[in-house]
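Give me a 3D structure for the following:
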Amino acid sequence: MASKQNERIIAKYLINQASFKELDDLEAWIKKPNNEQEFLNYVKVNYSIDYNLKITDTVKTKKLISTLFKREKRKFRVRRIQRYSKYAAVFIGIMISIYVFKNVLFKSLDKDTTTPVIVTNIIQPGTDKATLTLEDGSVVDLEKGVSFITANANSNGEEIVYRIDDKKTKELIYNYLTIPRGGQFYVVLSDGTKVWLNSESKLKYPVSFIEGETRKVELVYGEAYFEVSPSTEHKGTKFKVFNQSQEIEVLGTEFNIKAYRDETSIYTTLVEGRVTVNYENRKQNLMPNQQSSLDVNTKNFLVKEVDVYNEISWKEGVFSFERKPLNEIMRVLSRWYDVDIIFDSKSLEEVKFFGVLGKDQKIEEILETIKNFKIIEVYEIKGKTIILK
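Numbers count the residues shown, from 1 in each chain. Got it, this is the predicted structure:
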């Protein structure tokens, strides 16, 4: 049985997100007796693979594998050319094996005779875009391919970076970064803290922090991943994130906060370091790989161990769903693709799905993958509305 660590590496490998160290580990594991078959069995049972690979035509498949190989080769050459041949061999072997089991896996599915899919509109995946509200109230659209410069920051349309203020700030001046549905953005604050913002999110932060005072930002709503510049680089000043009913206090760490307006719970997931969650005049320290959930209505507060990769994969361009109910998955997809999703049957909402999918895929490809794994029978796309049956 594949370990939890190997499960994560397999998932990352299949969507081209694995590091060299992870490839080392995966290669060593596959070389052991019976593990190649274990690899194939594990993926077949547990994962829905990119629907683009569901090809029964041998010529097309060989062409696709060749394309994937060239892409992987370019990536490795840029990183570490002397290690290329070792990993290229691993890549070819595994890709051929994947093709073999996929051909078997999808063979029966190709004979599916369910109602054909009805599509009346092409929906595009999300992209880098945001609106920046400046201190004077003016609003600027930030989008891929468009540059923007202020006295304090500059943006290339995919990120915005604030400059360190050489002059000592005496008054806090705030900017707001708002990410719409179908968007994402990355910001580097003036203290060097890095923040990744997911779709339908809003962050309030100062243009510059006051030296010696606690650094404070507010996640007004949505989801954000923080890589906080350590207090040791800022004369010991703490960093705090406020949002709705709680406050996160950190000294220098990485964590994820999910606080969407259409969800009743706030989730805080610690990746590394140490944070303290303050809520209802109480405090709770989190350890790495722990997640707290606070119900904003009942004030019920829970802490549990989680697979961190599944919680933060969104910032790496991946949807990683580990037996998540379909209604939760569809909320994620609706934000990224900026669509409304309707369930024809209430019972469908609680059906669970386990899959790793790329955020750059077309929505039709993702829906086809879910459909081919018998999670849904059919779907319809009408304008910006998707109906699941």
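
and the protein, what are its domains?
4-111, 118-123+318-388, 127-311 (automatic domain parsing).

any idea how far the last one is from the chain center?
Centre-to-centre, domain 127-311 and its host chain are 16 Å apart (C-alpha atoms, centre = their mean, to the nearest Å).

cool, the second one as well?
Between the centre of domain 118-123+318-388 and the centre of its host chain there is 16 Å, according to C-alpha atoms, centre = their mean.

I'd like the average pLDDT over it.
Domain 118-123+318-388 comes out with an average pLDDT of 88.

Over to the longest one?
When the per-residue pLDDT values of domain 127-311 are averaged, the result is 94.

Check the separation of the first and last residues in that domain.
20 Å (C-alpha to C-alpha, to the nearest Å).

Run through the helices of the stretch 251-389 of the chain in chain order.
308-312, 326-337, 363-372 (DSSP state H, counting those that start in this stretch).

need the ones you listed in JSON lines with distance to residue 26, can you?
The C-beta positions use only the backbone N, C-alpha and C, and glycine is treated the same way. Listed next are those as JSON lines, based on distance: least, C-beta to C-beta, whole Å:
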{"stretch": "helix 308-312", "distance to residue 26": "14"}
{"stretch": "helix 326-337", "distance to residue 26": "26"}
{"stretch": "helix 363-372", "distance to residue 26": "23"}
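
still on that earlier bit, columns mean neighbour count on top of the domains of the chain, output as CSV?
Formatted as CSV, these follow (neighbours: other C-beta atoms under 10 Å):
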stretch, mean neighbour count
domain 4-111, 15
domain 118-123+318-388, 17
domain 127-311, 17
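
Mind pulling the model confidence for residue 76?
41.

Assumed residue 209 was part of a strand.
No: judged by DSSP: H, G, I helix; E, B strand; the rest coil, residue 209 forms no part of a strand; its state is coil.

Excluding sequence neighbours, find me the nearest residue to it.
Of all residues not flanking residue 209 in the chain, residue 215 sits nearest, at 4.7 Å (C-beta to C-beta, 6 or more residues apart in numbering).

Over to residue 255?
residue 270 (4.8 Å).

Give me the nearest residue to residue 202, chain neighbours excluded.
residue 220 (4.0 Å).

hang on, isn't that neighbour packed against residue 205?
No: using C-beta atoms under 8 Å, residue 220 is not in contact with residue 205, being 10.4 Å away.

is it true that residue 267 touches residue 258?
Yes: at 4.3 Å, residue 267 and residue 258 qualify as touching, with contact defined as C-beta under 8 Å.

Surely the residue nearest to residue 209 touches residue 234?
Yes: here residue 215 lies in contact with residue 234, judged by C-beta under 8 Å, at a distance of 7.0 Å.

Spit out the residues that contact those two alike.
Residues touching both residue 215 and residue 234 by C-beta atoms under 8 Å, 6 or more residues apart in numbering: 191, 209.

Now do the contacts for residue 312.
Applying C-beta under 8 Å, 6+ apart, we find residue 312 in contact with 225, 256, 269, 271.

Kindly indicate which of the residues you listed lies nearest residue 324.
Of all the contacts of residue 312, residue 269 has the smallest distance to residue 324: 14.8 Å, by C-beta to C-beta.

what residue is smack in the middle of the chain?
A centroid search over the chain (C-alpha atoms, centre = their mean) returns residue 314, at 0.3 Å, as the residue closest to the centre.

Need the three-state assignment for residue 9.
helix.

Please name the residues that touch it.
18, 22, 23, 25, 26.

out of these, who's nearest residue 375?
With C-beta to C-beta as the yardstick, the closest approach to residue 375 among these comes from residue 18, at 26.4 Å.

out of the helices of the stretch 251-389 of the chain, nearest to residue 357?
Closest among the helices of the stretch 251-389 of the chain, using C-beta to C-beta: helix 363-372, at 5.5 Å.
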